[in-house]
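Student: Kindly return the folded structure for what I paste below:
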Amino acid sequence: MANRVEQLCARAIPILERLIAFDTTSHLSNLALIDWVERYLSGHGVGARRIASDNRAKANLLATVGPAAEGGVVLSGHTDVVPVTGQAWTSEPFELTERAGRLYGRGSADMKGFIALALAAVPDLLEAGVERPAHLAFSYDEEIGCFGAPRMIDVISRSLPRPALVVVGEPTSMEVVSAHKGIGFWRVTVTGREAHSSRTDLGVSAVMAAARLMGELAAIAERLEREADPASPFLPKGPTLTIGTVQGGTAGNILARECVFVFDLRALPDDASRAALAPFFAFADRIDGQLKARAPEAGVVVEQLAEVPPLRADAGGEAEAFVRRLAGDNGPARAASFASEAGQFQGAGLPAVLCGPGSIDQAHQPDEYVERAQLERGAQFMARLVEALAE
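Tutor: Residues are numbered from 1 along each chain as shown. Take a look at the predicted model:
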């Protein structure tokens, strides 16, 4: 086993190097990476299926290694990464650089390290003649709302022999995470009427109205923090609400015609926290009416941009027990405050857990890295998976 683990890890690192070299920031295409992975799989005699985006600029990739049998394991990873713009990197973000046992590069932890390990396990899966398959499921647009995975999950549900479980390889330090928060994104567009700032009677400031709306959200965020259950397994303990971006106004002496801001709510799996936004939506309706009374063209529009479901813990579930055995994890039940595609798999009736190399603390950061020791643990996980699927 030890020699097999070393070989698998040795194969994974050059694969990771190649994956990181593809700039798959979410606003760009991931097709060059998908092409490379297809060629890699084809070189091992494994076919793959693309599930493309509407504009064909991006694609999921789905491949089965092993027989067309029920009870397989889905190894799920997203191919897109977050931007590096404005971050202070000390090495090239799209070149794998090793320093002191750490492998630096955008996506090394989140989550090309897991994808590299899954691909490195392909020769072992083939050689072992597994009785149950490993399904490789690589998605697009996870970082901006988990938009790509549902298309692939639908194909898995309709076209594949039913898998037993899904391992989503988010960076969890190779510990099993069985629950995570959901997330919703909303965009608020406030329209006013431009006028000189000395004649507030002639115009309507979109920025001033937006400030009132953002104040309402800030009050809700404070209440959510104050009322959080101290016994919650999440960190932070309760739902969180943040305003991420704000744009508006033309000049300091002009009543703003438009102000746009985006906020998110990271809700607990119990669903109750979603009700926290009801006062905001009611307040937005009141502000909309007040603005229209002063200028018919003015108003407030609230649009939901994305909705990612939470992952609900399945206490005593077979999926978690199986993955814990592979990971050598005897620790307590864990929950994550970030969202992932695991809740989407679970919503389709496929048990899912998170387990992957690297730490979420490094994800999205400048000088993102995964420790070589984490890849070694991931290689051990994959080697055990091969053995389990061959039984």
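
Student: Only C-alpha atoms from now on, for both contacts and neighbour counts.
Tutor: Noted.

Student: Phi and psi next, for residue 345.
Tutor: Summarising the backbone geometry of residue 345 under the convention degrees, to the nearest 10, its torsions are phi -60, psi -50.

Student: just residue 260 next, same as before
Tutor: In terms of degrees, to the nearest 10, the main-chain angles of residue 260 are phi -130, psi 130.

Student: mind listing what it touches?
Tutor: 187, 188, 189, 190, 210, 246, 247, 248 (C-alpha atoms under 8 Å, 6 or more residues apart in numbering).

Student: Give me the helices and strands touching the helix or strand containing residue 218, please.
Tutor: In this structure, residue 218 is located in helix 206-226 according to DSSP states H and E. Contact analysis of helix 206-226 by 3 or more C-alpha pairs under 8 Å, 6 or more residues apart in numbering; DSSP states H and E lists strand 182-191, strand 240-248, strand 258-267, helix 278-294 as its packing neighbours.

Student: What are the buried residues along that helix?
Tutor: For helix 206-226, a neighbour-count test (16 or more other C-alpha atoms under 10 Å) marks 206, 207, 209, 210, 213, 214, 216, 217, 220, 221, 224 as buried.

Student: Show me which of those is closest to residue 351.
Tutor: Residue 351 lies nearest to residue 224 out of the buried residues of helix 206-226, by C-alpha to C-alpha, at 29.6 Å.

Student: hang on, the earlier thing: of the contacts of residue 260, just say which sits nearest to residue 306.
Tutor: Ranking the contacts of residue 260 by separation from residue 306, with C-alpha to C-alpha as the measure, puts residue 187 on top at 9.8 Å.

Student: Could you count how many residues lie near that closest one?
Tutor: Neighbour count for residue 187, taken as other C-alpha atoms under 10 Å: 19.

Student: For it, list the residues it contacts.
Tutor: Residues in contact with residue 187, defined by C-alpha under 8 Å, 6+ apart, are 260, 261, 262, 263, 302, 303, 304, 305.

Student: Kindly report the same for residue 235.
Tutor: 336, 337.

Student: So residue 124 is in contact with residue 386, correct?
Tutor: Yes: in this structure residue 124 lies within contact range of residue 386 using C-alpha atoms under 8 Å: 6.9 Å.

Student: Comparing the two, which residue is more hemmed in?
Tutor: Between residue 124 and residue 386, counted using other C-alpha under 10 Å, residue 386 has the larger neighbour count: 25 against 18.

Student: Tell me how far the more buried one lies from residue 120.
Tutor: Taking C-alpha to C-alpha, to the nearest Å as the criterion, residue 386 is separated from residue 120 by 12 Å.

Student: Local confidence estimate at the residue most central in space within the chain?
Tutor: Central residue of the chain (C-alpha atoms, centre = their mean): residue 340, 4.1 Å from the mean position. The predicted local confidence for residue 340 comes out at a pLDDT of 97.

Student: how much space is there between residue 72 and residue 163?
Tutor: With distances taken as C-alpha to C-alpha, residue 72 is found 4 Å from residue 163.

Student: what about those two, which has more around it?
Tutor: Under the neighbour definition other C-alpha under 10 Å, residue 72 and residue 163 were set side by side, and residue 72 has more, 25 against 20.

Student: and that one, what does it touch?
Tutor: By C-alpha under 8 Å, 6+ apart, the contact set of residue 72 is 132, 133, 134, 135, 162, 163, 164, 165, 389.

Student: run the last query once more with 10 Å
Tutor: Under the criterion of C-alpha atoms under 10 Å, 6 or more residues apart in numbering, the contact partners of residue 72 comprise 64-66, 130-135, 160-166, 389.

Student: coming back round to it: name the residues contacting each of residue 72 and residue 163.
Tutor: By the contact definition C-alpha under 10 Å, 6+ apart, residue 72 and residue 163 are jointly contacted by 132, 133, 134, 135.

Student: What residues sit buried inside stretch 8-23?
Tutor: Judged by neighbour count using 16+ other C-alpha under 10 Å, the buried positions of stretch 8-23 are 8-13, 15-23.

Student: er, stretch 80-100 actually
Tutor: If you call a residue buried by 16+ other C-alpha under 10 Å, then stretch 80-100 has these buried ones: 80, 81, 82, 83, 84, 89, 93, 94, 95, 96.

Student: Make CSV out of those and add pLDDT and distance to residue 289.
Tutor: Converted to CSV, these look like this (pLDDT from 0 to 100; distance: C-alpha to C-alpha, whole Å):
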residue, pLDDT, distance to residue 289
80, 98, 41
81, 98, 41
82, 97, 38
83, 97, 38
84, 97, 41
89, 98, 47
93, 98, 48
94, 98, 49
95, 98, 53
96, 98, 54
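
Student: of all the residues you listed, which two lie farthest apart?
Tutor: Counting by C-alpha to C-alpha, the most remote pair of those is 80 and 89, 18.8 Å apart.

Student: wait, what's in contact with residue 270?
Tutor: With C-alpha under 10 Å, 6+ apart as the criterion, the residues that contact residue 270 are 181, 182, 310, 312.

Student: where does it land in three-state SS?
Tutor: coil (DSSP: H, G, I helix; E, B strand; the rest coil).

Student: quick thing: my sequence starts at 23, can you match it?
Tutor: Will do, 23 is the new start, and the previous item becomes residue 292.
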